[in-house]
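Enquirer: compute the structure for the input listed below.
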Amino acid sequence: MTTSNDQMDEVETGSGRLWRRLWRLHFLAGIVIAPALVWFAFTGLVILYSDVINEKTNSAEFTVDVGRDEVSLDDQLSTVLARKDGYTFDAVTPARKANRSNLFNMTDEDGRSREVFVDQYTGEIIGDRVVGKDLVAFANSAHGSFLPRQFTMPIPSLTGIFGEGPAFRTVEIGEVVVEIVAGWALVLAVSGIYLWWPRVNSQKRKFIPRFSRGGRPMWRDLHASGGTVLSVGLIFFVVTGLPWATFWGGEFQTVASELTPNTENFWEYSGPASVIPEVGDLTRDGVRIPWASGADTVPTSDKGGHHDHGSGNESGMMPVPSPVEPVGLEAVYRAAQDEGMKPGFSIVPPVDVVDESGATQYGAYVVFNPWPSSLGEQGALYLDQFSARTLGKSDADTWGAIQRTAEFGVQTHMGTQFGLVNRIFLTMVCVLVIWSIVTAGVMWMRRRRPGSLGVPRRPVEQRVQKSVGITAVVLGVIYPLWGMSALILLAIDRVVRSRRQSLAVG
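Expert: Numbers count the residues shown, from 1 in each chain. Now for the predicted structure:
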């Protein structure tokens, strides 16, 4: 951006100093995160149109010839396990349409997540691939992390300091970078709106560029008009996207569970709470769950009335074999259909563990509606592993107010809440990212002096306005990783200014 006459008149005033400070901050934030915004736009568009891309690039694996009768899910799984030595079963997603294949999520002998496609009419395997090797899977992974996922670091957890949670969370370094970038995106958006807002007697028009002026004023208006809409989109994307972040999302989910807990009226059928993982721990590559259900625990199956307390186990030992034969996938599939689960739902097998008393706790089948989809179509169903009896449901009616609001935002972020209109808006925002960066680059080339970076000058008055300082503190408390990065940059800035002043005096 560049200054105009009406803005230069404000330079010696408090508002003028604030304008120049925010202009400088907006410029520097834009330079730092512009590549990340392009990356988010590209991967976001791939995710937004993943169904279309999969149909074009993986049609041989996704489509089958419609037959008369289907092979049972149990027989299909037996075929996969027999022909894929060393594979273990994670989940199955029966076909949403008659001409689509069934998808089995497996883990191979090397610990890699795999997708095995099965023709439900013949029971034959028609595809087997490592998760993350196609464009859509890569985009889903890269959209949330800038680095390979094996690079991690511990971060102090507020829930561990002030509550009963772990003292540290192990977080992927790539996700830490994403959270910091998201914070700076908020700074970029808010400062951009402030700089765009027309002042008294200003010649700027809100959304109509001054083409007749040409040159820098025209390019500034072109940048500001599209950038203002983009700023609103950036704020929306950051607020609705961060609940999925490992660190911030985990902290936020813990707070939400305390303030507005989900209803747990389905536990009355299953007895004591299970010690198997929470719903969020059942997430697999290719099997996504509602964010609002992530903190819920899964109910226990009743073992057909048999109890194995005091079987000689101690905590941490292997579960005792079930005294009753579990029902198969086909029975669970039919029960889920009877309960009205949406076509394309995923079935996750039960997990049995030993509790603190040494007794075996038998988990339940968990059935998830397709994700992403609208808020009203989200939900989980819990089925007894020995009878396929419904133990409970988790959907928008059982979620707390914060969880329901966050899930609504997540589904809007994914482009599924409002259908076509939602996708058009998100596509426009992604295109505006490219537009804003191009117009900002043109402005920068026009205003910078040869041999200089073209960074806007510092305000004559170095004091930070109270409103800016308060806003920064609030933002730093809400998004602590961004707050730490801001403190580091402020420290570096202070050191650089002190050295320059020392050299000037010397």
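
Enquirer: in the longest helix along the chain, which residues are buried?
Expert: Ranked by residue count and defined by DSSP state H, the top helix of the chain is helix 14-48. Buried positions in helix 14-48, judged by neighbour count with 16 or more other CB atoms under 10 Å: 16-30, 32-34, 36-37, 39-48. Heads up, the C-betas are built off the backbone N, CA and C, glycines and all.

Enquirer: what's that helix packed up against?
Expert: Packing partners of helix 14-48 (3 or more CB pairs under 8 Å, 6 or more residues apart in numbering; DSSP states H and E): helix 135-142, helix 173-196, helix 419-447, helix 466-478.

Enquirer: got a markdown table for these, with mean neighbour count too?
Expert: As requested, the helices and strands packed on helix 14-48 are arranged in a markdown table below (neighbours: other CB atoms under 10 Å):
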| stretch | mean neighbour count |
| --- | --- |
| helix 135-142 | 17 |
| helix 173-196 | 22 |
| helix 419-447 | 16 |
| helix 466-478 | 13 |
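
Enquirer: where exactly do the strands run in the stretch 101-250 of the chain?
Expert: 102-107, 113-118, 125-130, 152-156, 168-172 (DSSP state E, counting those that start in this stretch).

Enquirer: out of those strands, which comes closest to Leu222?
Expert: Closest of the strands of the stretch 101-250 of the chain to Leu222 is strand 168-172, at 37.7 Å (criterion: CB to CB).

Enquirer: what about Glu339, how many neighbours?
Expert: Using other CB atoms under 10 Å, Glu339 is surrounded by 14 other residues.

Enquirer: likewise for Ala224?
Expert: Counted with other CB under 10 Å, Ala224 comes out at 25.

Enquirer: next one: it from Arg24, what distance?
Expert: Separation of Ala224 from Arg24 (CB to CB, to the nearest Å) stands at 17 Å.

Enquirer: what's the answer for Arg100, then?
Expert: For Arg100 relative to Arg24 (CB to CB), the value is 54 Å.

Enquirer: in the chain, where is pLDDT below threshold?
Expert: In the predicted model of the chain, residues 1-17, 158-165, 198-207, 209-215, 264-277, 284-287, 303-323, 355, 451-465, 506 satisfy pLDDT under 70.

Enquirer: where does the nearest residue in space to Tyr121 that is not next to it in sequence land in three-state SS?
Expert: Leaving aside its sequence neighbours, Tyr121 sits nearest to Gly67 (CB to CB, 6 or more residues apart in numbering; 3.0 Å). What DSSP: H, G, I helix; E, B strand; the rest coil gives for Gly67 is coil.

Enquirer: next, Gly67: phi, psi?
Expert: Main-chain torsions, Gly67, degrees, to the nearest 10: phi -110, psi -170.

Enquirer: count the neighbours of it for me.
Expert: 12.

Enquirer: cool, the one 3 residues further on as well?
Expert: Per other CB under 10 Å, the neighbour tally for Glu70 reads 18.

Enquirer: so who does it touch?
Expert: Gln120, Tyr121 (CB atoms under 8 Å, 6 or more residues apart in numbering).

Enquirer: quick one: it from Arg334, how far?
Expert: Look at Glu70 and Arg334: by CB to CB, they are 12 Å apart.

Enquirer: how about Leu329: what's its closest non-neighbour residue?
Expert: Nearest non-adjacent residue to Leu329 (CB to CB, 6+ apart): Leu73, at 3.8 Å.

Enquirer: contact partners for that neighbour?
Expert: Leu73 neighbours (CB under 8 Å, 6+ apart): Val92, Pro94, Asn102, Gly328, Leu329, Glu330, Tyr333, Ile347.

Enquirer: from Ala335, how far off is the fifth one?
Expert: I take that to be Leu329. Distance of Leu329 to Ala335, computed by CB to CB: 11 Å.

Enquirer: list the buried residues for the helix or strand containing Ala91?
Expert: With elements taken from DSSP states H and E, the one containing Ala91 is strand 88-93. Neighbour-count burial for strand 88-93 flags Phe89, Asp90, Ala91, Val92, Thr93 (criterion: 16+ other CB under 10 Å).

Enquirer: nearest to Phe168, out of those residues: which one, please.
Expert: Proximity of the buried residues of strand 88-93 to Phe168 (CB to CB) peaks at Asp90, which lies at 27.4 Å.

Enquirer: need the nearest residue in space to the closest one, chain neighbours excluded.
Expert: Nearest one to Asp90, counting by CB to CB, 6+ apart, is Asn105 at 4.3 Å.

Enquirer: tell me, how many residues neighbour that neighbour?
Expert: Number of residues near Asn105 (other CB under 10 Å) recorded here: 20.

Enquirer: what residues are bridge-paired with it?
Expert: For Asn105, the beta-bridge partners under DSSP bridges are Ala91, Glu115.

Enquirer: quick one: which two of the buried residues of strand 88-93 are the most distant?
Expert: Farthest pair in those (CB to CB) is Phe89 and Thr93. Separation: 12.5 Å.

Enquirer: identify the contacts common to those two.
Expert: Both Phe89 and Thr93 are in contact with Asn105, where contact means CB under 8 Å, 6+ apart.

Enquirer: where's Val366, which helix or strand?
Expert: Per DSSP H and E: strand 364-368 holds Val366.

Enquirer: list the pairing partners of that strand within its sheet, with orientation.
Expert: Applying DSSP bridges, strand 364-368 is found paired with strand 346-348 (antiparallel), strand 379-384 (antiparallel).

Enquirer: list of residues touching that strand?
Expert: With CB under 8 Å, 6+ apart as the test, strand 364-368 has contacts from 270, 274, 279, 282, 287-290, 298-301, 332, 336, 339, 341, 345-350, 379-385, 388, 391.

Enquirer: just the buried members of those residues?
Expert: The neighbour-count test (16+ other CB under 10 Å) marks 270, 274, 279, 282, 287-290, 298-301, 332, 336, 341, 345-350, 379-385, 388, 391 as buried among the contacts of strand 364-368.

Enquirer: how about the strands in the stretch 251-400 of the chain?
Expert: Per DSSP E, counting those that start in this stretch, the stretch 251-400 of the chain carries strands over the ranges 346-348, 353-354, 360-361, 364-368, 379-384, 390-395.

Enquirer: now tabulate these in TSV and tack on distance to Val130.
Expert: Output for these, formatted as TSV (distance: least, CB to CB, whole Å):
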stretch	distance to Val130
strand 346-348	19
strand 353-354	28
strand 360-361	33
strand 364-368	22
strand 379-384	27
strand 390-395	31
